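Trainee: following is a predicted model, sequence given first.
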There are 2 protein chains.
Amino acid sequence: MSGTERPGWVDSREPVVASVTGLARELADPVRLTALQLLSAEGPHTLTQLADALGVSAPRLGNHLARLRSAGLVAVEHHGRHAVYQVAAPGIADVLTALARYARADLAAGPVRPATADDLAHTCYDHTAGLLGVAIFAALTERGALLPPDGRDSALALGGDPSLFGELGVDVGAVEPGRRKLATACLDRTHRLPHLGGVLGKAVLDALVARDLVRPREGARTLTLTPRGTRELPALVPGFTPPSGPGRVDSA
Amino acid sequence: MSGTERPGWVDSREPVVASVTGLARELADPVRLTALQLLSAEGPHTLTQLADALGVSAPRLGNHLARLRSAGLVAVEHHGRHAVYQVAAPGIADVLTALARYARADLAAGPVRPATADDLAHTCYDHTAGLLGVAIFAALTERGALLPPDGRDSALALGGDPSLFGELGVDVGAVEPGRRKLATACLDRTHRLPHLGGVLGKAVLDALVARDLVRPREGARTLTLTPRGTRELPALVPGFTPPSGPGRVDSA
DNA sequence: TCCATCTTTCACCAACTCATGAAAGGTGGT
DNA sequence: ACCACCTTTCATGAGTTGGTGAAAGATGGA
C-alpha cells in the first residue's frame, strides 16, 4: 500500500520513530536490559543491590543507569546515602514481556532445544520457577487473578477474579502472610519473565504437589512433571505446553 | 564491551539475553525499524519498492537488509532480477506492536500533545486512518473479526467472529471485492500501527459516515468526529478515547 | 571530628555503527 | 550482443558506544 512516497518515513526526528529507536537502543545492552527487567518485575532497588544482583561493578552500572535516566526510563530517589532506582515509564513492562516472549519463540525455533527438565520446572526457594512458573504467572495476570507488577512496589496486588487460584487448588483467603509478603514477582533468570513468589507462590507449589501434578526431587531444585501433571497442566495453565513427551528430557 | 562477563545475570552469551539485545540492536535504527514495520504490516516488498517507500537509496537499504537477514529477521527470495523480502520471524509483529504502543503512551506523557484533529482521524485514500483507524484495526483483530497480518501476504484473512463488523454497521457478506483486495493492512505513517484498507476498509468508513459518527471535510483528508461519534465511538471501538473534546486539547 | 560506605563523574582507548559513492554481479528485453 | 535495470558488495571516514580504573562528592555513624 505504499503509494505516495514522501520523505519522512525514515526520519529520526519523527517523534514515534525517535521514541522507538531510542528505547531499542537502551534495550540493546545486556546490563541495561537486565536492570530494567529486574526493576520492572521486582520493584525498586538500590544501586548496589542492583550491582550485586547483576554481578557488575558499581561504576559500570552507574553509567548505564545514568543513560537510562536521561532516556526517561528510570527515576532515582535519594534516601540518605542510598540511591533508589525504579522504572519511570510504566509501559515498559509490556515491551519487555513482548521481547522475552519473542526470545522464547526464537530460541525454540533454533537448532538447540533448550528445554531441559530443569528448565521446564524447578523451585526457586519454595515456589515454582522455570517454564511452568512463568506460564502460571502469565495465566494469573491474564485471567485477572493478579495485577501485573507496576515497578513501584515489590509486593503484588491481587486482581478481581481469583478463580484461577481456586482452579489451581489454592484458597487465597486462607493464605496468611506471616512475616513474608503475600505475593511478589520474581524475575526468572533464564526466561526473563516473572514468576510468583511470596507466601502465595509457596501455596501454589504446595497445591501442585498435593495434587500430584509435579513432584520435587530429593535434594535438588528440579521439579518433575507427573503423568497426571503432563496431562492436566496444559489445560489448567493456558500457555504451558510441555515440549513433547513426559517430564523426562535428557540433558547433556 | 564483551568477553569477561562471569556466568550470571548479565552475560551476552546467555541465549535469551543475546536474542533480546540482538533484536533490540536491529530495531534501533530508523531504516531497519521502518522496513520491518512495513514488511510486517503490508507483506513482501521488493528492494526498490521498499527503498522508494522509505525514501532511501538502494545501497543504503540493501546494507540494512543484509544485516536484518543475517540476524534472521527477514528472508529474501529472488524472482528474476527482483529480490523479494519478507519477514522471517513471525513473532516480530507483537514486538513491533508493543513498541508502537509504548511510543504512543510515551509521547502522550510528554510536553507536547500530538493529537491534532488530523492525527485523530483522517482518510487514507478511501479508508480510515489516524488514531481512529488504528484503534479500529486493533479492535477488529482482538475481537477475532480479522486475523493480524502475518507478513507473508498483503491480503488479510477474516477471523471467525465478524460481529464487530456488524456493530460497526458493515455486512461483510455484502462486500464484494472487485479488482481490489478485500482487506489489507496499511501501516499508519505516524503511529506505526496498521489500519484497515481495501474494499472492507472503504465499507467501514462509509458505514461510519452513514451513521454520522464521523464527517469528511470538503477537499481535505481530515475526518471530524461528530458529537454522536464522540459519544458512541469509544464504546464501539475499545481503545479509542478521543482526547477530551473534539478539537482543542489542554495539557494535563 | 574522622572514617567507612555509597554513589557519581571523568578521561582514555578499543570496538562498533553507519552513510556514502563507486563499482561489480545478475537478469531480462530488444 | 547490447543495453537498461535491479541488486549486492566494498572501502573509507566520521561519529558513537562501552569498559575500565581512579578519583571526587555525599552521607551517616563513632
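Mentor: Done, it's in.
Trainee: after the helix or strand bottoming out on mean pLDDT in chain A, which helix or strand is next? Please name it.
Mentor: Least confident element among the helices and strands of chain A, by mean pLDDT, DSSP states H and E: helix A:117-120 (a mean of 81). Scanning forward in sequence from helix A:117-120 by DSSP states H and E, the next helix or strand is strand A:122-124.
Trainee: can you report how many residues neighbour whichever residue of the stretch 51-200 of chain A sits closest to DNA strand D?
Mentor: Closest residue of the stretch 51-200 of chain A to DNA strand D, Cβ to the nearest atom of the strand: residue A:80 (3.0 Å). Where you see a C-beta, it was placed from the backbone N, CA and C, and this is true even at glycine. Close neighbours of residue A:80, defined as other Cβ atoms under 10 Å in any protein chain shown, add up to 6.
Trainee: who are the contact partners of it?
Mentor: By Cβ atoms under 8 Å, 6 or more residues apart in numbering or on different chains, the contact set of residue A:80 is empty.
Trainee: residue A:91 now?
Mentor: B:101-102, B:105-106.
Trainee: in helices only, show me these.
Mentor: Judged by DSSP state H, the subset of the contacts of residue A:91 located in helices is B:101-102, B:105-106.
Trainee: DNA strand C: which of these is nearest?
Mentor: Nearest member of the ones in helices among the contacts of residue A:91 to DNA strand C, counting by Cβ to the nearest atom of the strand, is residue B:102, at 19.7 Å.
Trainee: the closest one contacts residue A:95, doesn't it?
Mentor: Yes: between residue B:102 and residue A:95 there is a contact at 5.1 Å, judged by Cβ atoms under 8 Å.
Trainee: now do the shared contacts for those two.
Mentor: Going by Cβ under 8 Å, 6+ apart, residues that sit against residue B:102 and also against residue A:95 are residue A:23.
Trainee: and stretch A:84-100, what's buried?
Mentor: Buried residues in stretch A:84-100, counting neighbours by 16 or more other Cβ atoms under 10 Å in any protein chain shown, are found at A:84-89, A:91-100.
Trainee: what about the helices in the stretch 51-200 of chain A?
Mentor: In the stretch 51-200 of chain A, the helices defined using DSSP state H, counting those that start in this stretch lie at A:58-70, A:92-108, A:117-120, A:130-142, A:163-167, A:198-210.
Trainee: helices or strands next to the longest one in the packing?
Mentor: If you count contacts as 3 or more Cβ pairs under 8 Å, 6 or more residues apart in numbering or on different chains; DSSP states H and E, helix A:92-108 packs onto helix A:15-27, helix A:30-42, helix B:15-27, helix B:92-109.
Trainee: can you rerun that using 10 Å?
Mentor: Counting contacts by 3 or more Cβ pairs under 10 Å, 6 or more residues apart in numbering or on different chains; DSSP states H and E, helix A:92-108 packs against helix A:15-27, helix A:30-42, helix A:130-142, strand A:194-197, helix B:15-27, helix B:92-109.
Trainee: those into TSV, with extra columns for distance to DNA strand D?
Mentor: TSV is the format used below for these (distance: least, Cβ to the nearest atom of the strand, whole Å):
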stretch	distance to DNA strand D
helix A:15-27	6
helix A:30-42	6
helix A:130-142	27
strand A:194-197	25
helix B:15-27	9
helix B:92-109	18
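Trainee: can you name the residue of the stretch 151-252 of chain A nearest DNA strand C?
Mentor: For the stretch 151-252 of chain A and DNA strand C, the shortest gap (Cβ to the nearest atom of the strand) falls at residue A:154, measuring 16.1 Å.
Trainee: for that residue, which non-adjacent residue is closest in space?
Mentor: Spatial nearest neighbour of residue A:154, excluding adjacent residues (Cβ to Cβ, 6 or more residues apart in numbering or on different chains): residue A:43 at 3.6 Å.
Trainee: domains of chain A?
Mentor: Following automatic domain parsing, chain A resolves into domains at A:15-87, A:94-236.
Trainee: and the ones you listed, which one is worst for confidence?
Mentor: Ranked by mean pLDDT, the domains of chain A bottom out at domain A:94-236, with a mean of 92.
Trainee: quote the end-to-end distance of that one.
Mentor: 24 Å (Cα to Cα, to the nearest Å).
Trainee: quick one: it to chain centroid distance?
Mentor: Here domain A:94-236 is found 9 Å from its chain centre; the criterion is Cα atoms, centre = their mean, to the nearest Å.
Trainee: pull the contacting residues for the nearest residue to residue A:180 once chain neighbours are set aside.
Mentor: Sequence neighbours aside, residue A:199 is the residue nearest to residue A:180 in space, at 5.3 Å (criterion: Cβ to Cβ, 6+ apart). Counting by Cβ atoms under 10 Å, 6 or more residues apart in numbering or on different chains, residue A:199 touches A:126-127, A:175-184.
Trainee: please repeat the previous calculation with a cut-off of 6 Å.
Mentor: By Cβ atoms under 6 Å, 6 or more residues apart in numbering or on different chains, the residues touching residue A:199 are A:175, A:177, A:180, A:182.
Trainee: is it true that the first one touches residue A:203?
Mentor: Yes: shown here, residue A:175 and residue A:203 form a contact pair, counting by Cβ atoms under 6 Å, at 4.9 Å.
Trainee: more neighbours, the two?
Mentor: More crowded of residue A:175 and residue A:203, by other Cβ under 10 Å: residue A:203, with 24 against 16.
Trainee: straight-line length of stretch A:210-221, end to end?
Mentor: One end of stretch A:210-221 to the other measures 17 Å (Cα to Cα).
Trainee: what does the stretch 1-150 of chain A put close to chain B?
Mentor: A:1-2, A:5, A:7, A:9-10, A:12, A:15-17, A:19-21, A:24-25, A:27-28, A:30-31, A:33-34, A:54-56, A:91, A:94-95, A:98-99, A:102-103, A:105-107 (Cβ under 6 Å from any Cβ of the partner chain).
Trainee: in ChimeraX, select just the buried ones from those residues.
Mentor: Per 16+ other Cβ under 10 Å, the buried members of the residues of the stretch 1-150 of chain A next to chain B correspond to this ChimeraX selection:
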select /A:1,9,10,15,16,17,19,20,21,24,25,27,28,30,31,33,34,54,55,56,91,94,95,98,99,102,103,106,107
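Trainee: quick one, what contacts residue A:242?
Mentor: With contact set as Cβ under 6 Å, 6+ apart, residue A:242 has these partners: residue A:230.
Trainee: contacting residues around stretch A:147-160?
Mentor: The contact list for stretch A:147-160 (Cβ under 6 Å, 6+ apart) reads A:39-43, A:86-87, A:141, A:144-146, A:181, A:183-185.
Trainee: all strands in the stretch 151-252 of chain A, in order from the N-terminus.
Mentor: For the stretch 151-252 of chain A, strands defined by DSSP state E, counting those that start in this stretch occupy the ranges A:184-187, A:194-197, A:214-216, A:223-225.
Trainee: now render those strands as JSON lines, adding distance to chain B and mean neighbour count.
Mentor: Shown next, in JSON lines, are the strands of the stretch 151-252 of chain A (distance: least, Cβ to the nearest Cβ, whole Å; neighbours: other Cβ atoms under 10 Å in any protein chain shown):
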{"stretch": "strand A:184-187", "distance to chain B": "9", "mean neighbour count": "24"}
{"stretch": "strand A:194-197", "distance to chain B": "14", "mean neighbour count": "27"}
{"stretch": "strand A:214-216", "distance to chain B": "23", "mean neighbour count": "19"}
{"stretch": "strand A:223-225", "distance to chain B": "20", "mean neighbour count": "23"}
